[in-house]
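[1] here is a sequence with its predicted model. Questions after.
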Amino acid sequence: MENREESLRGFKKETVNKVLQLHFKDDKTRVNGDALLLMAEMLKVFVREAAARGARQAQMEDLNKVEVEHVEKVLPQLLLDF
């Protein structure tokens, strides 16, 4: 089994925790380590997919550089897929 910290690579543990905490109504709600790992993995997949779709969108527009606008164009469908 891989190291827990290693699986959070690319995302600071505190950042993932803070993102989750922002959506809790009760300040006393806590997130256990397994939930942090799962959320970090989902964020990793989401970011990779957003990047890939943004790149495809830029490619369809015959551009070599992905801009924010390309990700914005694919974001509605991306959110529906997740």
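    Okay, I see it. Numbers count the residues shown, from 1 in each chain.
[2] with adjacent residues omitted, what lies nearest to the spatially most central residue of the chain?
    Nearest to the mean C-alpha position of the chain, by Cα atoms, centre = their mean, lies Leu43 at 2.8 Å. The spatially closest residue to Leu43, leaving aside those adjacent along the chain, is Phe11, at 5.9 Å (Cβ to Cβ, 6 or more residues apart in numbering). Using the backbone N, CA and C atoms, a C-beta is placed for each residue, glycine as well.
[3] from what I can see the one you found touches Ala40, true?
    Yes - when contacts are counted by Cβ atoms under 8 Å, Phe11 is listed as touching Ala40 (5.0 Å).
[4] more neighbours: which of these two?
    Ala40 (22 against 18; other Cβ atoms under 10 Å).
[5] and Lys73, helix, strand or coil?
    Under DSSP: H, G, I helix; E, B strand; the rest coil, Lys73 falls in the helix class.
[6] check contacts around it.
    Gln57 (Cβ atoms under 8 Å, 6 or more residues apart in numbering).
[7] can you pull out the helices in this protein?
    4-7, 13-21, 33-60, 68-81 (DSSP state H).
[8] could I get those as CSV with distance to Asp27?
    Converted to CSV, the helices of the chain look like this (distance: least, Cβ to Cβ, whole Å):
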stretch, distance to Asp27
helix 4-7, 25
helix 13-21, 8
helix 33-60, 17
helix 68-81, 27
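[9] please tell me how far the residue nearest to Leu43 sits from Lys73.
    25 Å (Cβ to Cβ, to the nearest Å).
[10] what's the burial count for the spatially closest residue to Phe46 that is not a sequence neighbour?
    Leaving aside its chain neighbours, Phe46 sits nearest to Phe82 (6.1 Å; criterion: Cβ to Cβ, 6+ apart). A count of neighbours around Phe82, defined by other Cβ under 10 Å, yields 10.
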